[in-house]
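> below are the sequence and a predicted model; questions follow.
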Amino acid sequence: MASVEDNALYLREIQREYINFLDDENDNGTYQKKVLSMISSGHHRLIVNLNHLRNKNKERTNKLYTSAHEEIISFQNALKEYVSTHNYAYSSKYDEFLIGFEGSFGDRHVSPRTLKSQYLNSLVCCEGIVTKCSSVNPKLCRSVHYCPKTLKTFERRYTDLTSLESFP
């Protein structure tokens, strides 16, 4: 049980580091302005330049490359918390805020031909033209159910191994 608590503490510390990155008012305020612009335009996705993150927190960038799953979840939670400090009503409007990445991926900038299993759970930039692919079955992410007798609705979310959220 202590390992679960330690893991939660570790993820909270990661989230705090990402909040410090977003709260760059003492620097040039780039991401503070980007977040405020995101709020004013009604979006819920923030694009982060990896070069900026690398300059401010190299350890987080390296972990983002190698342990992308927990890092992206922590970054998205940090963004939601940061948005809620600026505009609580806007943050409660969306269930999650998304993070996109741009900038230099280094040796993790791959093509479809060079994308290998060694990059599992890693952040990569895959750029290329797909000439043939198999059909993909659509996945149900969320369903809303309505009961006419009680006039109530409830929502159910579905996750699998491709989702960033954990299993219910």
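Nice, thanks for sending it over.
> so what's the residue count around residue 5?
9 (other C-beta atoms under 10 Å). All C-beta spots, glycine's among them, are computed from the backbone N, C-alpha and C.
> kindly report the same for residue 140.
8.
> over to residue 65?
19.
> the helix or strand where it lies packs against which elements?
Secondary structure assignment for residue 65, by DSSP states H and E: helix 58-66. Packed against helix 58-66 by the contact rule (3 or more C-beta pairs under 8 Å, 6 or more residues apart in numbering; DSSP states H and E) you find helix 2-22, helix 50-56, helix 68-86.
> may I see the buried residues of the first one?
Read that as helix 2-22. Going by neighbour count (16 or more other C-beta atoms under 10 Å), the buried part of helix 2-22 is 14-15, 17-19, 21-22.
> again with the last one
Neighbour-count burial for helix 68-86, with 16+ other C-beta under 10 Å as criterion, is recorded at 68, 70-83.
> residue 48: which of these is nearest?
residue 75 (7.7 Å; C-beta to C-beta).
> still on that earlier bit, indicate which one of the helices and strands packed on helix 58-66 is closest to residue 28.
Of all these, it is helix 50-56 that lies closest to residue 28, at 10.0 Å by C-beta to C-beta.
> now do the closest one: everything it contacts.
For helix 50-56, contacts defined as C-beta atoms under 8 Å, 6 or more residues apart in numbering pick out 21, 24, 27, 30-31, 60-61, 64, 101-105.
> what's the farthest-apart pair in the residues you listed?
27 and 105 (23.4 Å).
> and these two? which has more neighbours close in?
A count of neighbours by other C-beta under 10 Å puts residue 105 above the other of residue 27 and residue 105, at 16 against 13.
> any regions of this structure where pLDDT drops low?
1-2, 135-136, 138, 161-162, 165-168 (pLDDT under 70).
> residue at max distance from the center of it?
For the chain, the residue at maximal distance from the C-alpha centroid (C-alpha atoms, centre = their mean) is residue 149, at 38.9 Å.
> got the phi/psi numbers for that one?
phi -70, psi -40 (degrees, to the nearest 10).
> start the count at 399 instead of 1 going forward.
Right, with 399 as the first residue, what we last looked at is residue 547.
> list the buried residues of stretch 492-512.
495-497, 499, 503, 506, 508.
> okay, now residue 514: neighbour count?
9.
> any idea how far it is from residue 558?
23 Å (C-beta to C-beta, to the nearest Å).
> go on, residue 448?
Taken as C-beta to C-beta, the span from residue 448 to residue 558 is 28 Å.
> SS state for residue 532?
coil (DSSP: H, G, I helix; E, B strand; the rest coil).
> please name the nearest non-neighbouring residue to residue 498.
Nearest residue to residue 498, sequence neighbours excluded (C-beta to C-beta, 6 or more residues apart in numbering): residue 445, at 4.4 Å.
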